[in-house]
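Student: task: produce atomic coordinates for the following.
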Amino acid sequence: MMSGVTSGTGSASCRFAQYFVVCGLDTETGLEPEELAGESFEQSPLRRSFKSKVLSHYPESTDRSPFNRDAVNMLCMPRGLSFRSQADSREHRFHSFTVARDDGTHSYGFVHTYYEEVTSAQITAAMQTLHQMHHVEHHSISSSSPSSSASSPSTSSMDSLVSSLDESDTASLAEHPLSACLGCAAGSFQPARDTLYASKALCLLTPLPFLLAARHFLSQLHQAVTSHAAPPLPLESYIHNILYEVPAPPPGRSLRFHGVQGPIMCQQPGPEELPLGDYPLGEAFSLLGVENLVRLLTSVLLETQVLLYSQDYQRLMTLAEGITTLLFPFQWQHVYLPILPAPLHHLLDAPVPFLMGIQRRDGTQRSTLDLSHEANLCFVDIDNHRVDPPEDLPLFPDQPELVKELNEVLLHFGLQPYGGTTTTKPAPAAPPCLSSLVLEDLMEDRRNGNLGGEELAVLERLQALARRCGGGGMAGGKTLGRAFQEEEEELKAAKMNVQLREVFAGRFTSMFGRYEEFVIHSAPDLESWLGNREGMSNFDKGSFLSAQPAPHRHFLSRFLETAMFSSFVDGKVLSRWADREPLQRVFDGRLERERLYNTFEDDPGNRHYRKYTVLHESVQAMERRLLKADHTAIHPHLLDMRIGQGRHQQGCFPRLQADVLAQGHHPNKWSSRNTRRSDPKRPVTAETTSGLDNDQREKYSPGRRSINQSKLLDPSPSAVTQTQRGFVEGLLRECRVKTRRMLMERMGKESMELGQGEASITGLQENRLIHSLCDLLERTWGHGLQLKQGSSALWSHLLYYQANEDKMESPSHAESPVSNGSDSRRLEEGLPPPKGSFVQDMRFVQTMSGGLSEVGRARAWIHLALEKKLLSQHLKLLLANHDLIRQLYKPYAFLLCEEEREQFLFHLLSLNTVDYLCFTRTFTSISIPYRVVITPMKKLSIAMTMSNPWVCVSGELGDSGIRQIPKNTQEIFFQCQNLGRLSTLQLGQENSGLLAKCLVDCVIVHNEITGHTYRFPCGRWLGKGVGDGSLERVLIGQLVSPGGEEDSGRWTGTPPEQGSPPQSGRTGGLGSLGRSNKLCSVQVQEDMREAVNNLVKHFHKAEQERGNLTALLCGEGGLVRSLEQFLLHGFKSSRLFQRSVFIWDFVEKGVVSMETADQMGDLRGSTELCDSLCHYANGINASSRNIGKEGKFQLLVCLGVRDRLLPQWLPLLAECHLTAGQYEKSALVRDRAAVHSLSRVLHTLHEFPIALEPALVKGVDL
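Tutor: Numbers count the residues shown, from 1 in each chain. Okay, the predicted model is just below:
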């Protein structure tokens, strides 16, 4: 393509640069100490920081990007103005920064800082005065007693500094010259002897991160200032050119423009390529290492608080920008300040996710930083190559394979992948560019292939001869070989950037390749969607997670809750009514290409790691753009300037002529050189998106609406107050949204509204919601905290509260973490005991083993309080100590905002309407005390007589083992490892004759820590000669709400669990047949199908979301009870016998009949099936357990389902010749169609692996 000449004269949004800024020393205002820099006045004045000022900026302002003077000044000189003498190092430095606007867009600043000689006699005298004051104070401190202290100077202007020296100080200076002061000798200053230099910053603000091009331009500008010879044109010409005549390169094109000493190249990716990313990712990987950088990226993706720490500002920016470019197609939605100036350090208290960076001072470590938020903080010590992620940070999906692939890319480009082994030197300020138009033309010839090796060698010799003759001493001169080498290094770094970014883009393409299938478009129009944004779910997270590989779900379950993912999905929903966001358009285009080539796997749940094939088109297109410019901007030219302006003075940046730089239209011949310009389709940005106004954007941007980006950079007291107020409102809003979400998902309302039936949200998804609640509480308690113990703000407050309570509480009234025996009566009545106290829960958490950190203890306390439904009550009690809160927190803290605090507690109180087992299921290895109480059937007035009774409690995590109940008691207290959610209980006694019998109503088991009470209904006899003669019962548990006395018996919103079959009609045994003929055949068949259907739905749920299988088999309405009703239908034995008859009697007779028929050769049906039924029935009878006839029938059904034999056994029993005599003609078991239908229904369970609890099959080897 032919290179065209193009002009940037036009709107600021089309220009390469928005502003040119000069910051430094304002000689009119004098020296003002930078009080917020945190420096001690004991330091030499040459080592202190002073306030800098924006000396000039051009243009004055633009409509779309107003100039923020204070913000730019702070970010150009984050530590303020600094001074040096001729004896100090005065290396120039380069750094960049970014300024976020309220609409989410960014401007990028590129700063070249150097030291310029101070020519103002007033400033020199002021610095001398400061040194004299410093010497006097240092001498007075060293000569005074240790108890005395010198006051620090608080002057802020030169006049006050001069007047502060009185006659006594002058006399002291005469007696003790500066050279005699050890503390001042290293930084002394005498105008007659020393030259004073002050830092000055040249800054270029651009709308896009053109790092390399801006760095080259500023470097050339500085070289022109420090050069002996004047530049070809006044500096105003080059600055005017970059501001008004150099456009931003169109998408997919490159542009060449001219600096002071040579050409500069920049390029912009095409619409289908990854966005512009000029920051060197290779340097980021070298600074941290591959594994550390992946941990950092994981922390950013999960929206933790990320704090970067380094002496070098550019390192902070390189890491921050590098990480955010790797987020594609997602975008960081929260506070983003890679360089946090000293006046803005109060933002470290921000109770929101942030990505910020602060400069390390000499000799300081992390321990010296006053950080109120550490529970969810990822601390990145760049200089020491360390990343300290927050606790419980999950692994990135396929992290080992990802690290291996990244290592291969780095090795391919010659970089060592293991960062931290060597110290990376700071990059130089900028490589010098070509110093002559001849070399510029040669470079162009070399790109075009018109220059061979022989010609290059000749030109090298000519250049060396010119240097020997004195013609090669121009600053910035270099050999052709060096110029070509630098060009190749830049090209290599750009290609490495693309490949590293493609690796991560490939991982996100693999993970979210089918995300569109789970996006929910439920709103009919834009207005209804915006009006109900918080109450509407746009993404089916449960179904998405169930389709992912199990090892990935821990990370993905938390990532789906982030603002960046919500914003991404919102953008997809909004694309129905407005243009798509640029990143989403590129990502969706990639997914379409993947589908076209059919690279997605059919089963994403079993997805294997696949190296992503780099898009060679992107690499080749980028390489082509860098090697040959598509467009060339207008060259700098003479401007209409006044005579005498633009004079060159070596080492001093001139005062620019403002009138020629204030606007970009000048009537001269150069402005007419506008030739054809490529104008491809403009990318869709926040400014061009149609269909949404600013208010509507704010509604669907959850990560931005609570943060006023422009106010963040305002250090004034009023702005700080407004910012902190915004944080308070944001915390309250977040609490409301989180609690509402927890309620909706726990109660299943959201799934029911979406037509997904009973897809309850438990397990993994519940854990992620509770984790986010813990994070919210930590951030809330860390807001405005000024006095803290350890890394957890909440736990620190709890410790202070406990210390106050211990002082007030006498030892005699100290309560045990375990309830006393007076609670037994409540347990016997089926009511939970009284709630544990606030301090009791704290003491138990402190005694927990496992080496929990402060953060871990705080989370354990939150889990326990939430499970006990005491979280809001405990926090209200904690906040009732107002004196303690005022002592611990700053005035703007959330906890000191009374109205918001009350609303916060109210939202947490709503969580009491559902049941959580978060503590029980999270802390599985701790020891828990349990209390078991046996309740007899009181209404029959039968004395309870049991012989050596025992119990064995089983839960999802194990069983307690057999526990003997003491004589003459009805309860037992024991301690064992956490059993999890209780499911079954074995109750038994020894075989000690006919007198040892008891009619048991239920058994109550109470968890003394969590307050959970489980009721195990029985309603049957236990003893020989009564009922079915069972000496052992297996009971199914039912959780009683731990809502306390005022909530007992109230439904909590969580569906009730199935317990043991009801006691109604059970006094005669399981098979009491007095009312069997009244059973409705239709209802019996419906109950049977419902029981099987519940089992099928159980196995179709994700493993983490399944309930208690034993309850579905043996509980009320379970398979055993339904099958029993089926076999009872039409049974006529009750008319012949006046005693209880059990189904097991019929099964035993049928087995005997089959065995007899088999011996006589009259057996009908499959011999193998008959043998299996006889084998199982005889094995159950031969068991040493005395579980009675009911328990034997239950065990036969469970074993038949487990071994897939039950559907074949039913026809055998139905066709047995005894059936006709035992059942009426209308009985279901004599209806072949009904039996065949039941067998087919039971056959659907064959595809599921049914594992029985040990309590059910104990002692039976079948």
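
Student: for the stretch 401-550 of the chain, which spans come out with low pLDDT?
Tutor: Across the stretch 401-550 of the chain, residues meeting the criterion (pLDDT under 70) sit at 418-483, 534-535.

Student: quick one, helices of it?
Tutor: In the stretch 401-550 of the chain, the segments counted as helices under DSSP state H, counting those that start in this stretch are 437-448, 453-468, 480-511, 526-531, 541-546.

Student: what packs against the fourth one?
Tutor: Taking 3 or more C-beta pairs under 8 Å, 6 or more residues apart in numbering; DSSP states H and E as contact, the helices and strands that helix 526-531 lies on are helix 694-700. The way it works is simple: take the backbone N, C-alpha and C, and place the C-beta from them, glycine included.

Student: with the last one instead?
Tutor: For helix 541-546, the elements it packs on are helix 553-559, helix 764-782, judged by 3+ C-beta pairs under 8 Å, 6+ apart.

Student: again, 6 Å this time
Tutor: Using 3 or more C-beta pairs under 6 Å, 6 or more residues apart in numbering; DSSP states H and E as the contact test, no helix or strand touches helix 541-546.

Student: show me the contact partners of it.
Tutor: 518, 553, 557, 560, 1102 (C-beta atoms under 6 Å, 6 or more residues apart in numbering).

Student: starting at the chain centroid, how far to it?
Tutor: 18 Å (C-alpha atoms, centre = their mean, to the nearest Å).

Student: ditto for the longest one
Tutor: The offset between the C-alpha centroid of helix 480-511 and the centroid of the whole chain comes to 29 Å, using C-alpha atoms, centre = their mean.

Student: also the fourth one?
Tutor: Between the centre of helix 526-531 and the centre of its chain there are 28 Å (C-alpha atoms, centre = their mean).

Student: just the CA trace of it, in PDB.
Tutor: Taking Å, rounded to 0.1, in the frame of the first residue of the first chain, the C-alpha atoms of helix 526-531 are listed here in PDB:
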ATOM      1  CA  LEU A 526     -34.600  -1.900  27.200                       C
ATOM      2  CA  GLU A 527     -36.700   0.100  29.700                       C
ATOM      3  CA  SER A 528     -38.100  -2.900  31.500                       C
ATOM      4  CA  TRP A 529     -34.600  -4.400  31.700                       C
ATOM      5  CA  LEU A 530     -33.100  -1.200  33.100                       C
ATOM      6  CA  GLY A 531     -35.900  -0.800  35.600                       C
END
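
Student: which residues in the stretch 551-700 of the chain form strands?
Tutor: 631-633 (DSSP state E, counting those that start in this stretch).

Student: got a list of what residue 376 touches?
Tutor: 304, 305, 390, 775.

Student: neighbours of the last one, just the number please.
Tutor: The burial metric for residue 775, expressed as a neighbour count using other C-beta atoms under 10 Å, is 22.

Student: would you format the contacts of residue 376 as TSV with secondary structure and distance to residue 918 included?
Tutor: Listed next are the contacts of residue 376 as TSV, based on DSSP: H, G, I helix; E, B strand; the rest coil; distance: C-beta to C-beta, whole Å:
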residue	secondary structure	distance to residue 918
304	coil	21
305	strand	23
390	coil	19
775	helix	14
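
Student: from these, which is closest to residue 252?
Tutor: Nearest to residue 252, judged by C-beta to C-beta, of those is residue 304 at 36.1 Å.

Student: now the closest one: how far from residue 351?
Tutor: The gap separating residue 304 from residue 351 is 13 Å, by C-beta to C-beta, to the nearest Å.

Student: what does residue 590 give?
Tutor: Distance of residue 590 to residue 351, given as C-beta to C-beta: 36 Å.

Student: higher neighbour count, these two?
Tutor: Counted by other C-beta under 10 Å, residue 590 and residue 351 do not tie: residue 351 has more neighbours, with 26 against 19.

Student: my guess is the more buried one meets residue 726, correct?
Tutor: No - contact criterion C-beta atoms under 6 Å: residue 351 and residue 726 do not qualify, at 10.7 Å.

Student: in the stretch 1-150 of the chain, where is pLDDT below threshold?
Tutor: Using pLDDT under 70, the flagged stretches of the stretch 1-150 of the chain are 1-13, 35-42, 102, 104, 138-150.

Student: helix or strand next in line after the helix or strand hosting residue 72, which one?
Tutor: Per DSSP states H and E: residue 72 is located in helix 69-76. Note on helix 69-76: by DSSP H and E, the next helix or strand toward the C-terminus is strand 83-85.

Student: by contact count, what packs against that following strand?
Tutor: Taking 3+ C-beta pairs under 6 Å, 6+ apart as the contact cut, strand 83-85 packs with no helix or strand.

Student: ok, and what's touching that strand?
Tutor: For strand 83-85, the surrounding residues in contact (C-beta under 6 Å, 6+ apart) are 46, 90, 115, 194, 197, 198.

Student: same thing but 8 Å
Tutor: Under the criterion C-beta atoms under 8 Å, 6 or more residues apart in numbering, residues 45-46, 50, 90, 115, 118, 127, 189, 194-199 lie in contact with strand 83-85.

Student: in strands only, show me those.
Tutor: Using DSSP state E, the members of the contacts of strand 83-85 that fall within strands are 115, 196, 197, 198, 199.

Student: how near is the residue lying closest to the second one once chain neighbours are set aside to residue 221?
Tutor: Take residue 196 and drop its neighbours on the chain: the residue closest to it by C-beta to C-beta, 6 or more residues apart in numbering is residue 118, 4.3 Å away. Distance from residue 118 to residue 221, counting by C-beta to C-beta: 21 Å.

Student: which of these two has more neighbours?
Tutor: Legend: neighbour count by other C-beta under 10 Å for residue 118 and residue 221, higher for residue 221 (22 against 17).

Student: which parts of the stretch of helix or strand the more buried one belongs to are buried?
Tutor: Residue 221 belongs to helix 211-226 when assigned by DSSP H and E. Neighbour-count burial for helix 211-226, counted by 16 or more other C-beta atoms under 10 Å, picks out 211-225.

Student: from the residues you listed, which is closest to residue 890?
Tutor: Checking the buried residues of helix 211-226 one by one against residue 890 (C-beta to C-beta), the nearest turns out to be residue 211, at 38.1 Å.

Student: so residue 976, which state does it fall into?
Tutor: On the three-state scheme (DSSP: H, G, I helix; E, B strand; the rest coil), residue 976 is labelled strand.

Student: pLDDT score for it?
Tutor: On the pLDDT scale, residue 976 is placed at 92.

Student: surely it touches residue 928?
Tutor: Yes - counting by C-beta atoms under 8 Å, residue 928 is a contact partner of residue 976 at 7.0 Å.

Student: what about these two, which has more around it?
Tutor: Remark: of residue 976 and residue 928, residue 928 carries more neighbours, 20 against 15, as counted by other C-beta under 10 Å.

Student: residue 307 is in what secondary structure piece?
Tutor: strand 305-310.

Student: so what's the model's average confidence on stretch 901-914?
Tutor: Averaged over stretch 901-914, pLDDT sits at 92.

Student: next, residue 94: secondary structure please.
Tutor: strand.

Student: can you count the residues close to residue 985?
Tutor: Based on other C-beta under 10 Å, the number of other residues close to residue 985 is 27.

Student: surely residue 71 touches residue 99?
Tutor: Yes - counting by C-beta under 8 Å, residue 99 is a contact partner of residue 71 at 5.9 Å.
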